[in-house]
Each structure stands twice: as structure tokens, then as C-alpha cells.
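> missing the sequence, but the structure's below:
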């Protein structure tokens, strides 16, 4: 993955990548974001469903 470093007079250095493939670009964004992965929507939906089922098993009423 070729890149070019540009250093400005104030000392700031900017790295510009070019001619990157889509897979290289995805890897670059993954490394820059610092986030390994996000929980999938299916996982979150399953947790919500489990909570609903748990509440149905043990109904809470105001009688006692």
C-alpha cells in the first residue's frame, strides 16, 4: 500500500495513501478506528428476546 508523507512548516505530518485496493482500505480503516468489531444486530436482538422470555417466566405482580 503506497503512501506519501507530507510535513508542513508547523511540524504536522500527514500521511496520504493512494492506489489502495478495497481490502487494503478496509484494513486501514479498521486499524485507524481502534475498534476490533461491533456486536451484530442478531446478537442484540437475541439478548432482548431472552430478557422478554425471562420476564414472562417470572411474572411480577403487585399482590405480594
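That came through, no problem. The structure displayed is predicted, hence computed values, not measured ones.
> what ranges of the chain fall below the confidence cut-off?
Scanning the chain with the threshold set as pLDDT under 70 gives 34-39, 57-64.
> If we use 80, what do you get?
For the chain, residues meeting the criterion pLDDT under 80 lie at 1, 31-45, 52-64.
> What is the longest helix of it by residue count?
Residue-count comparison of every helix in the chain, with assignments taken from DSSP state H, identifies helix 41-57 as the longest.
> quick one: the strands in the chain?
In the chain, strands defined by DSSP state E lie at 3-7, 13-17, listed in chain order.
> now the angle from the last one to strand 3-7?
Strand 13-17 runs at 160 degrees relative to strand 3-7, counting by axes from the mean of the first three to the mean of the last three Cα atoms, to 10 degrees.
> can you offset everything so residue one is 341?
Taking 341 as the first residue, the last one we looked at is strand 353-357.
> List the contacts of the closest residue to residue 359 other than its chain neighbours.
The shortest distance from residue 359 to any residue other than its chain neighbours is 5.7 Å, reached at residue 342 (Cβ to Cβ, 6 or more residues apart in numbering). The C-beta positions use only the backbone N, C-alpha and C, and glycine is treated the same way. Residues touching residue 342, when contacts are defined by Cβ atoms under 8 Å, 6 or more residues apart in numbering, comprise 357, 358, 359.
> out of those, who has the most neighbours?
Among the contacts of residue 342, residue 357 has the most neighbours (other Cβ atoms under 10 Å), with 12 neighbours.
> If you tally nearby residues, what's the number for residue 370?
Residue 370 is flanked by 12 other residues according to other Cβ under 10 Å.
> Oh, that last question was meant for residue 366, not what I typed.
For residue 366, the number of neighbouring residues by other Cβ under 10 Å comes to 11.
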